[in-house]
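**Q** Curious how this folds, go ahead:
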Amino acid sequence: MKSRWFTPLLIALTLASIAVHFWSTNEPLRFTLASISLLLWAALLGKATESVAHYAGERLGGFLNATFGNAAELIIAIFLVQKGLFDMVKASITGSIIGNLLLVLGLSIFAGGLKFKTQSFNTLLAGHNASLMLLAVIALFSPAAFDTQLDPSEMETFSLIIAGLLIASYLLWLIFSMITHKKELGEEPAVEVPTSDISQTSVAHEEKPEWTKNRSILLLFIAAVFVAIQSEWIVGSVEAVAHTLGWSELFVGAFLIAIIGNAAEHSAAIFLAMRNRIGAAVEIAVGSSLQIALFVAPALVFISLLFGKTMNLTFTAIEIAAIAIAAFIATSISRDGSTNWFEGVLLLIVYAILGTGFYLV
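**A** Numbering: from 1, shown residues only. Prediction:
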């Protein structure tokens with residue numbers, strides 16, 4: 001980062017967070033320092049992602065950011081699974097999916113739209129993303145639909161089969177999008193912008209990254225590790241803070257933990273969208289949601305076997321409705337491969353509506 005104050009501040013806050021975590025019992029202070037430190041590490045992760053995307057391409061750069069960002073959420077979820085907090089795990093999965101589709105994507109489209117009148121990305125990729133989101137909704141809806149007809153052991157078997165199929169479909173999607181149809185799903189350089197913005201667009205695409213390829217990858221890895229560590233510390237404190245404030249477990253899992261866990265995606269996607277790289281921003285937001293639904297959630301089902309009790313994929317009606325609503329509005333807005341600031345506002349309004357509902361439950 002070019003700012004002289006950033007690195008010293010990052011180091012100071014990280015050390016302070018470590019000291020408070022190990023030598024203090026003040027949960028609100030632990031939570032506050034870990035959250036601020038996490039945001040700075042997320043900013044570094046976003047910068048590293050942009051640099052990697054310059055060398056590896058928009059899609060691979062976005063995929064790497066989504067993967068490293070979701071690593072924190074996977075670690076958080078594993079700790080929750082180990083404790084048997086399956087309801088909170090499912091709530092956090094729900095929050096991660098709708099958070100990426102509505103909050104991250106909405107803020108990215110809004111921020112980019114304020115600077116550039118219209119931003120475009122690959123329409124073929126948008127169509128495939130829409131189909132995959134529909135698959136995720138169907139897969140998460142099916143266990144709830146059969147819940148009354150199956151006993152617990154049959155539901156566990158059904159969940160394991162669905163989990164295996166989802167992981168297989170995600171791996172096949174990676175082969176399809178990264179190998180066999182990489183060219184067709186690549187970035188579309190054509191962007192509709194007013195004449196006054198042409199110079200800005202040119203600068204955004206011609207600007208050279210601050211770091212070399214190897215340094216970018218190294219910083220991406222280091223930032224992801226610290227994001228994961230800080231996220232795990234926050235989970236340990238957030239429950240105490242939430243109970244103090246009187247928030248429900250559903251709201252904590254679906255919104256508070258999800259927002260914190262998505263900090264890396266927030267910063268990176270918005271940063272890229274404001275540089276007129278909406279393709280990478282969409283890949284981060286939508287790609288992260290798909291990775292959570294098609295890989296992380298199913299993987300947790302298999303991981304739960306290691307702790308002696310299988311987590312099923314039976315989500316509540318509220319959670320399924322929230323995921324379906326988020327997938328529907330995100331698909332409706334992004335399917336044409338073109339975005340503007342007003343569409344970002346629509347996504348944020350839907351997120352506020354769902355957030356209010358979860359808070360009041």
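
**Q** And for residue 63, the neighbour number?
**A** Residue 63: 23 surrounding residues under other Cβ atoms under 10 Å. Yep, even glycine has a C-beta here, placed from its N, CA and C like the rest.

**Q** so how far is residue 352 from the spatially closest residue to it that is not a sequence neighbour?
**A** Of all residues not flanking residue 63 in the chain, residue 287 sits nearest, at 6.0 Å (Cβ to Cβ, 6 or more residues apart in numbering). Residue 287 sits 24 Å away from residue 352, taking Cβ to Cβ, to the nearest Å as the criterion.

**Q** The residue nearest to residue 63 against residue 66, yeah?
**A** Yes: between residue 287 and residue 66 there is a contact at 4.5 Å, judged by Cβ atoms under 8 Å.

**Q** Now the helix or strand hosting residue 297: average pLDDT?
**A** Assigned by DSSP states H and E, residue 297 belongs to helix 297-305. Mean pLDDT, computed over helix 297-305, is 91.

**Q** What backbone torsions are found at residue 336?
**A** Torsion angles at residue 336 (phi, psi; degrees, to the nearest 10) stand at phi -80, psi 0.

**Q** sorry, back to before: neighbour count for residue 287 and residue 352, which is higher?
**A** It is residue 287, of residue 287 and residue 352, that has more neighbours when counted by other Cβ under 10 Å, with 26 against 13.

**Q** what's the distance between the more buried one and residue 24?
**A** Counting by Cβ to Cβ - residue 287 and residue 24 are separated by 38 Å.

**Q** same check, this time on residue 56
**A** 41 Å.

**Q** Tell me which of the two has more neighbours.
**A** Each of residue 56 and residue 24 has its neighbours counted (other Cβ under 10 Å); residue 56 has more, 17 against 11.

**Q** which residues touch the residue nearest to that one when sequence neighbours are not counted?
**A** Spatial nearest neighbour of residue 56, excluding adjacent residues (Cβ to Cβ, 6+ apart): residue 64 at 7.4 Å. By Cβ atoms under 8 Å, 6 or more residues apart in numbering, the residues touching residue 64 are 49, 52, 56, 220.

**Q** chain center to the longest helix along the chain, what's the gap?
**A** Taking DSSP state H as the criterion, the chain has its longest helix at helix 213-245. Chain-centre distance of helix 213-245: 13 Å, with Cα atoms, centre = their mean, to the nearest Å.

**Q** tell me what that helix is packed against?
**A** Applying 3 or more Cβ pairs under 8 Å, 6 or more residues apart in numbering; DSSP states H and E, we find helix 213-245 packed against helix 6-23, helix 27-56, helix 58-82, helix 257-261, helix 263-273.

**Q** Tell me which of these sits most buried.
**A** Highest mean neighbour count among these (mean count of other Cβ atoms under 10 Å): helix 263-273, with a mean of 28.

**Q** would you put the C-alpha positions of that helix in PDB?
**A** C-alpha atoms of helix 263-273 as PDB (Å, rounded to 0.1, in the frame of the first residue of the first chain):
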ATOM      1  CA  ALA A 263     -14.800  -8.200   4.900                       C
ATOM      2  CA  ALA A 264     -12.100  -9.400   2.500                       C
ATOM      3  CA  GLU A 265     -14.600  -9.600  -0.400                       C
ATOM      4  CA  HIS A 266     -16.200  -6.200   0.500                       C
ATOM      5  CA  SER A 267     -13.000  -4.300   0.200                       C
ATOM      6  CA  ALA A 268     -11.600  -6.100  -2.900                       C
ATOM      7  CA  ALA A 269     -14.800  -6.100  -4.900                       C
ATOM      8  CA  ILE A 270     -15.500  -2.400  -4.200                       C
ATOM      9  CA  PHE A 271     -11.900  -1.400  -4.900                       C
ATOM     10  CA  LEU A 272     -12.000  -3.200  -8.300                       C
ATOM     11  CA  ALA A 273     -15.400  -1.800  -9.300                       C
END
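
**Q** average pLDDT across it?
**A** Helix 263-273 comes out at a mean pLDDT of 76.

**Q** who are the neighbours of that helix, in terms of helices and strands?
**A** Under the contact criterion of 3+ Cβ pairs under 8 Å, 6+ apart, helix 263-273 touches helix 27-56, helix 58-82, helix 105-115, helix 213-245, helix 278-291.

**Q** what's the closest of those helices to residue 139?
**A** With Cβ to Cβ as the criterion, residue 139 lies closest to helix 278-291 of those, at 11.5 Å.

**Q** what helices or strands is the closest one leaning on?
**A** Against helix 278-291 (3+ Cβ pairs under 8 Å, 6+ apart) you get helix 27-56, helix 58-82, helix 86-98, helix 105-115, helix 123-145, helix 152-175, helix 263-273, helix 317-334.

**Q** Select, out of these, the one closest to residue 237.
**A** Closest among the helices and strands packed on helix 278-291, once you apply Cβ to Cβ, is helix 27-56, at 4.0 Å.

**Q** Which elements pack onto that closest one?
**A** helix 6-23, helix 58-82, helix 213-245, helix 263-273, helix 278-291.

**Q** Can you add distance to residue 358 and give these back as JSON lines?
**A** Converted to JSON lines, these look like this (distance: least, Cβ to Cβ, whole Å):
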{"stretch": "helix 6-23", "distance to residue 358": "28"}
{"stretch": "helix 58-82", "distance to residue 358": "18"}
{"stretch": "helix 213-245", "distance to residue 358": "13"}
{"stretch": "helix 263-273", "distance to residue 358": "19"}
{"stretch": "helix 278-291", "distance to residue 358": "17"}
